[in-house]
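In: Need the 3D shape of this:
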Amino acid sequence: QVQLVESGGGLVQTGGSLRLSCTASGTIFRINTMGWYRQAPGKLRELVATIARGSSPKYADSVKGRFTISTDNAKNMVYLQMNSLKPEDTAVYYCHADITSWPSGDYWGQGTQVTVSS
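Out: Coordinates of the predicted model:
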């Protein structure tokens, strides 16, 4: 069984920074893609950033130039560095991974709250 555990959320003022971390553990044969999604109250979950093995990262237009996704493949970890945060970035952030495992498929973390005060 695979588990994703996030950390690093919190409360920050407009213009501040936060770094989210996510660790995948369990029976993992291969991590194909890791990424971050977010869901604000009353809104659908949306992609923030994703990175596939051997590919360049992809970002939502709303975070380009402010957020950076990175991975540590040896540790099965993904990070999201968030700079120049805005109130509209307030949401629950979820770690996602497409993992070849038993069973293979999409896995999600429990979510971590990010609140940006104006």
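
In: quick one, what contacts the residue minimising distance to the centre of the chain?
Out: Centroid check for the chain by Cα atoms, centre = their mean gives Trp36 as the closest residue, at 2.6 Å. Contacts for Trp36 (Cβ atoms under 8 Å, 6 or more residues apart in numbering) come out as 20, 22, 47-50, 69, 78, 80, 93-96. (Glycine included, C-beta is placed from N, CA and C.)

In: which of those tops the neighbour count?
Out: Neighbour tally across the contacts of Trp36 (other Cβ atoms under 10 Å): the maximum, 29 neighbours, falls on Val78.

In: Can you tell me which of the contacts of Trp36 comes closest to Gln113?
Out: Tyr93 (7.8 Å; Cβ to Cβ).

In: Tell me the secondary structure at the closest one.
Out: Of the three states, Tyr93 takes strand under DSSP: H, G, I helix; E, B strand; the rest coil.

In: The residue nearest to the centre of the chain belongs to a helix?
Out: No - assessed by three-state DSSP, Trp36 does not belong to a helix; its assignment is strand.
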